[in-house]
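Undergrad: Fold the following for me, if possible:
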Amino acid sequence: MPTIQTKHTLAPQTELYYETYGEGRPVVLIHGWPLSGRMWEGQIDALRHAGYQVIAYDRRGFGQSGKTATGYTYDVFASDLKDLLEGLNLTDVTVVGFSMGGGEVSRYAGLFGTERLRSAALISSVAPYLLKTTDNPDGGMTEADVEGMVQQVAANRPQFLAGFTKKFLNWDENGRQLGDEFLDFTASLYFQASPVATQECVRAFGMTDFRADLAKLTVPLLVVHGDKDQIVPLEASGQRVPQYQPNAELHVMKGAPHGLNATHAEEFNRLLLEFVAR
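TA: Numbering: from 1, shown residues only. Below you'll find the model as predicted:
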């Protein structure tokens, strides 16, 4: 399997599984919770046929990457992304982060800068900061919400994630068009994940502040969010990104759920390809 060895000294080192398709200017796709790089199938096809090299990798703890006992923090995830970009010698890269993957994009810029980046996209992203605090009253989750979600995952992961997937896709309004088979496909991805990683990443994406990181994400930035997102509400996330990064271009997809790359694939792929081509 194609893998990259991580180098972070504050977390267990492991191997990151990745897949690469096509040739041309590189686009790196970073998946959401609790999925893997396979969630990007429709985008991989669109990008490779348009003449780009597409790299989709699995975050540590997910998909076919190594399952470490600890290390599920955004500083580590950003370092893992750095190791991938350096290991594959990628420059002039467009990085695309979906949901919790938007955290990697943001924290990478905050820690390591944007020298290797051409542009970035935050899709249904958790940035700038989901946790409700005294200085972040517009966040989408309380600490009790975060810990409650962790406990539900720990108590019965299959049951919780089955319901989560339907909210992810706004099943009755948008997702049913994909067919019941798509639910099976999604389950096949999240059951590859470590139960520990699945729990700990809820705390990571629910409680990490990316506001200062966004200020350092100075490359051209596309933000795409659905106005019917039940997982990461637009008002708590994508809509707020331009407050912290004024060069962000916000595109709100009408009627779209969290998993808009699947339910609204044609519209989303058109947006993404137009942006990557710049």
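
Undergrad: Shouldn't Val54 be within a strand?
TA: Yes: under DSSP: H, G, I helix; E, B strand; the rest coil, Val54 falls within a strand.

Undergrad: From Pro128, how far off is it?
TA: 27 Å (CB to CB, to the nearest Å). Bear in mind the C-beta positions are built from the backbone N, C-alpha and C, glycine included.

Undergrad: same check, this time on Glu115
TA: Plainly put, Glu115 is 23 Å away from Pro128 if you go by CB to CB.

Undergrad: who's more crowded, those two?
TA: Pro128 (28 against 8; other CB atoms under 10 Å).

Undergrad: which SSE is the more buried one in?
TA: Following DSSP states H and E, there is no helix or strand that holds Pro128.

Undergrad: I figured it hits Val241, correct?
TA: Yes: using CB atoms under 8 Å, Pro128 is in contact with Val241, at 5.9 Å.

Undergrad: Need the residues touching each of those two.
TA: Leu214 (CB atoms under 8 Å, 6 or more residues apart in numbering).

Undergrad: What residues of stretch 61-75 count as buried?
TA: 61-68, 71-75 (16 or more other CB atoms under 10 Å).

Undergrad: Okay, helices next: where are they in the stretch 1-150 of the chain?
TA: 41-49, 74-87, 101-112, 143-155 (DSSP state H, counting those that start in this stretch).

Undergrad: Name the surrounding residues that touch the first one.
TA: Contacts with helix 41-49, where a contact means CB under 8 Å, 6+ apart, come from 19, 21-22, 27, 29, 54, 56, 96, 261-262, 265, 268-269, 272-273, 276.

Undergrad: just stretch 144-162 next, same as before
TA: For stretch 144-162, contacts defined as CB under 8 Å, 6+ apart pick out 34, 131, 183, 187, 190-191, 195, 198-199, 202-203, 206-207.

Undergrad: Which of those ranks first by neighbour count?
TA: Pro34 (28 neighbours).

Undergrad: where's it relative to Gly140, distance?
TA: Pro34 is 18 Å from Gly140, by CB to CB.

Undergrad: Then His251?
TA: The gap separating His251 from Gly140 is 20 Å, by CB to CB.

Undergrad: again with Glu147
TA: In terms of CB to CB, Glu147 sits 15 Å off from Gly140.

Undergrad: Compare those two (neighbour count), which wins?
TA: Higher neighbour count among Glu147 and Gly140: Gly140, with 20 against 15, using other CB under 10 Å.
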